[in-house]
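Turn this into a structure:
(2 chains)
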2 protein chains.
Amino acid sequence: MNIFQKLPYFCVNKPVVTGNIESMSEKARRSGTVFRPHFKTHQSLEVAGIFKKLEVKKITVSSLEMADFFASAGFTDITIGIPVNFNLLDEINHLAKQIQLNLVFSDVNTPVEKIRQLSRNTAVYIEIDTGYKRSGIAVEKTDKIGILYRKIRDAGLQFKGFFSHFGNTYSSRSKQEILEIYRNSVRQLTELKNIYQTSISIGDTPSASLLDSFEGVDEIRPGNFVYYDLMQYKLGVCELNDIAAYVMATVIAKYPERKELIIHAGAVHLSKEYLVQDNQKIYGKIAILENSIIKGIESGTELISLSQEHGIVACSDEFFNKTNLYDNIAIIPVHSCLTANLMKNATILD
Amino acid sequence: MNIFQKLPYFCVNKPVVTGNIESMSEKARRSGTVFRPHFKTHQSLEVAGIFKKLEVKKITVSSLEMADFFASAGFTDITIGIPVNFNLLDEINHLAKQIQLNLVFSDVNTPVEKIRQLSRNTAVYIEIDTGYKRSGIAVEKTDKIGILYRKIRDAGLQFKGFFSHFGNTYSSRSKQEILEIYRNSVRQLTELKNIYQTSISIGDTPSASLLDSFEGVDEIRPGNFVYYDLMQYKLGVCELNDIAAYVMATVIAKYPERKELIIHAGAVHLSKEYLVQDNQKIYGKIAILENSIIKGIESGTELISLSQEHGIVACSDEFFNKTNLYDNIAIIPVHSCLTANLMKNATILD
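Coordinates of the predicted model:
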């Protein structure tokens, strides 16, 4: 039985998403760069459909399950954008029978006997760390890169080039800093590209959004740009009305002495990702909507606390007074990928 | 199609869960207190089955969907433990036809015309805030409590008593402080109980775990105690081997120069809840298991970073050296409720 209208619910503005996708797609086309968007952000067949209309057929995902899901939806060239897990060798080879499956090798000690057991249909990227310090072989470890490259070639697998995620752009303090990380990282990857006569695949939303052209880059894989969020807005890489996703949550209590509203939206809806503003954790802001598009933010009003299902909104006098018990208010998430993952079924607004 | 063995996966040790439940149930029984556990922690039919065997029939949940889910599983007396959302009036009344449904009123301005539309089968608690400052009428606002009480009575609904969650115990720095919050809060609620000749319902895991008896308390609603987690262990309210749940995640890269492991477990598996230790955020610790029971923690080894699907484990030399690529390691979550909500299907270990 499902008698329930969903509250809170996750709204996705389709025209805004479409605009975000078209703009990124067009930029890639102009640069002669393959556009392989990361689908972990939305995990949505409806958003996937927008990409399909633009003839985007190559995608990135972050798990085998997600690859399987989008393979069933007709995507036939899929990169699993995290270090390969050889405990899932059978599952990998099973999927490689159905689609062009691309894997990422991130450790020089990836075992030769495992590599040899991979289906010859798979192609392999080597992941390079240009400074984010998450996964990938550090770009200066050219000896290790060489060893891993030879393992792939000796096993008779297709080498697909160098793969990198400039995740350090997310902690930048200015657009300048984001662009600097991008340029330095691309410069280092280009040296490798020239040595190995191969291609490079990159793609974080902050740099991909700020750049006008991806010259010299063979493939981009941004994901978050379909929805954007408060984090991207704070970084200065999108405008408010580019943010395509928000959570509608009901005011379930009002406390005038604290000027606080309690909403039914918590960590299981928005995730506990936060920003820091004036030494205060912020889990979301309240959108001012016009025709379901985010046109502004309620000033002096912040989502300051999240427990499992409750949120606390500290309000300006004005917002507190104009907001009634059982009003539904629109929360802009800090990190839309995590919110989309939690909320699953989006309400698509045409 | 589901060809995939799940990695990472969420393990629940059934004998440990059973021990946690029996111990809390027995304490409630000895105190003559109704045991109405919060099921938001596990959301699991298998864990629900353990409660059923102990004749626990009254439960707490945090949403109408969850109430509906456990109503279908045979629970016939359910409290929705967050402030009522009157936008869902039809759904509430629909459910009230099938089970004894108990609601929580937390705002003095709860509208009379809405209250009058509620099914006469529902019973209503008034939520009191004894210091947590989330939801509930502040305990000293006796005038507001009186107004809300009369609204319930005038609408002909059954008044079920005073309801409170001492969530401030979670930020306590000592067992003493937890017990002090409990005693002060119960003292204040008892004054109300005596005035209104009614009952009181409380129940946070920290105080419920530390206490030997709930004398004077009519009902308890702890939830997290079924699994416990790192947060509860740090508060000193459980032992390591009381923690019943952990995430098994694969080491997908090793970086000797950083003494860091990359695991396939991220924010979409564990949640971004963290503890702070030596000014460092900790998203989980590595369990030392014996027969699937947590017997220790790998010292000098912490999960220090989580992105959507990757985790970074900063290691002691010893742990780094003994751990191999593709080993599965056991991560103790910071907040098991959020992890269980994300991982959904637990692997139950008998």
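
what about residue A:27, how many residues close to it?
Using other Cβ atoms under 10 Å in any protein chain shown, residue A:27 has 18 other residues around it. Any C-beta I mention is one placed from the backbone N, CA and C, and that applies to glycine too.

Okay, now the unreliable bits of chain A?
Applying pLDDT under 70 to chain A picks out residues A:1-5.

Contact residues of the stretch 251-350 of chain A facing chain B?
By Cβ under 8 Å from any Cβ of the partner chain, the residues of the stretch 251-350 of chain A that approach chain B are A:252-255, A:257-258, A:262, A:264, A:267-268, A:271-273, A:305, A:307-310, A:312, A:325-326, A:328, A:337-338, A:341-342.

Among those, which are located in strands?
Among those, DSSP state E puts A:252-255, A:262, A:264, A:305, A:310, A:312, A:328 in strands.

what's the closest of those residues to residue A:235?
For these, the residue nearest residue A:235 by Cβ to Cβ is residue A:305; the value is 23.7 Å.

what's the closest non-adjacent residue to that closest one?
In space, and not counting its chain neighbours, residue A:305 is closest to residue A:312: 4.1 Å by Cβ to Cβ, 6 or more residues apart in numbering or on different chains.

before we move on, what about residue A:131?
In this structure, residue A:131 finds its nearest non-sequential neighbour in residue A:168, 5.5 Å apart by Cβ to Cβ, 6+ apart.

neighbours around that neighbour, how many?
Using other Cβ under 10 Å, residue A:168 is surrounded by 19 other residues.

I'd like the distance between it and residue B:297.
Distance, residue A:168 to residue B:297, by Cβ to Cβ, to the nearest Å: 30 Å.

cool, and residue A:260?
Counting by Cβ to Cβ, the gap from residue A:260 to residue B:297 is 37 Å.

what does residue A:179 give?
Residue A:179 is 42 Å from residue B:297, by Cβ to Cβ.

what do you get for residue A:93?
Residue A:93 sits 37 Å away from residue B:297, going by Cβ to Cβ.

returning to what we had before: now render the ones in strands among the residues of the stretch 251-350 of chain A next to chain B as a markdown table, adding neighbour count.
Shown next, in a markdown table, are these (neighbours: other Cβ atoms under 10 Å in any protein chain shown):
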| residue | neighbour count |
| --- | --- |
| A:252 | 27 |
| A:253 | 28 |
| A:254 | 22 |
| A:255 | 23 |
| A:262 | 26 |
| A:264 | 24 |
| A:305 | 19 |
| A:310 | 23 |
| A:312 | 23 |
| A:328 | 16 |
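
Any residue of stretch A:48-59 touching chain B?
No - on the criterion Cβ under 8 Å from any Cβ, stretch A:48-59 is out of touch with chain B, staying 15.4 Å away.

List the buried residues in that stretch.
Within stretch A:48-59, the residues that count as buried by 16 or more other Cβ atoms under 10 Å in any protein chain shown are A:48, A:50-51, A:54, A:56, A:58-59.

Columns secondary structure on top of those, output as JSON lines?
Output for the buried residues of stretch A:48-59, formatted as JSON lines (DSSP: H, G, I helix; E, B strand; the rest coil):
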{"residue": "A:48", "secondary structure": "helix"}
{"residue": "A:50", "secondary structure": "helix"}
{"residue": "A:51", "secondary structure": "helix"}
{"residue": "A:54", "secondary structure": "coil"}
{"residue": "A:56", "secondary structure": "coil"}
{"residue": "A:58", "secondary structure": "strand"}
{"residue": "A:59", "secondary structure": "strand"}
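
Farthest pair within the residues you listed?
The largest separation in the buried residues of stretch A:48-59, counting by Cβ to Cβ, is between A:50 and A:58 at 15.2 Å.

where does residue A:124 land in three-state SS?
Looking at residue A:124 with three-state DSSP, the answer is strand.

so how far is the first residue of stretch A:224-243 from its last?
10 Å (Cα to Cα, to the nearest Å).

Can you name the element that comes right after the biggest helix by length in chain A?
Longest helix in chain A, counting residues (DSSP state H): helix A:175-196. Sequence-wise, the next helix or strand downstream of helix A:175-196 (DSSP states H and E) is strand A:200-202.

That next one: partners in the sheet, and parallel or antiparallel?
Its sheet considered, strand A:200-202 pairs with strand A:158-163 (parallel), strand A:219-220 (parallel) by DSSP bridges.

So for residue A:16, which of these sits nearest?
strand A:219-220 (20.4 Å).

Centre of the chain to the closest one, how far?
Strand A:219-220 sits 14 Å away from the centroid of its parent chain (Cα atoms, centre = their mean, to the nearest Å).

what about dumping the CA coordinates of the helix or strand just after it to CSV?
Where DSSP H and E defines the elements, the next helix or strand beyond strand A:219-220 is helix A:230-235. C-alpha atoms of helix A:230-235 as CSV (Å, rounded to 0.1, in the frame of the first residue of the first chain):
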residue,chain,number,x,y,z
LEU,A,230,24.4,25.8,-1.8
MET,A,231,28.0,24.7,-1.8
GLN,A,232,28.4,25.5,-5.5
TYR,A,233,26.6,28.9,-5.0
LYS,A,234,29.0,29.7,-2.2
LEU,A,235,32.0,28.8,-4.4
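
Give the buried residues for helix A:230-235.
A:230-233, A:235.

Of all the residues in whatever helix or strand residue A:114 lives in, which ones are buried?
Per DSSP H and E, residue A:114 falls inside helix A:112-117. By neighbour count on 16+ other Cβ under 10 Å, the buried set for helix A:112-117 is residue A:115.

Check which helices and strands it sits against.
For helix A:112-117, the elements it packs on are helix A:89-96, helix A:142-154, judged by 3 or more Cβ pairs under 8 Å, 6 or more residues apart in numbering or on different chains; DSSP states H and E.

Show me how far the last one is from its chain's centre.
This means helix A:142-154. 29 Å.

now it against helix A:175-196, angle please.
Here the directions of helix A:142-154 and helix A:175-196 differ by 50 degrees (axes from the mean of the first three to the mean of the last three Cα atoms, to 10 degrees).

For the residue of chain A positioned farthest from its centre, which non-adjacent residue is spatially closest?
Ranking residues of chain A by C-alpha distance from their mean position (Cα atoms, centre = their mean) puts residue A:257 at the top, at 39.6 Å. Spatial nearest neighbour of residue A:257, excluding adjacent residues (Cβ to Cβ, 6+ apart): residue B:138 at 7.2 Å.

so who does that neighbour touch?
A:255, A:257, B:128-129, B:144 (Cβ atoms under 8 Å, 6 or more residues apart in numbering or on different chains).

Most widely separated two among these?
A:257 and B:128 (14.7 Å).

What separation is there between residue A:240 and residue A:289?
11 Å.

So what touches the one helix or strand residue A:319 maps to?
Residue A:319 belongs to helix A:317-322 when elements are defined using DSSP H and E. With contacts defined as Cβ under 8 Å, 6+ apart, helix A:317-322 is touched by A:254, A:256, A:259, A:261, A:286, A:298, A:300-301.

Quick check: residue A:231 vs residue B:116, distance?
Relative to residue B:116, and taking Cβ to Cβ, residue A:231 is found at 45 Å.
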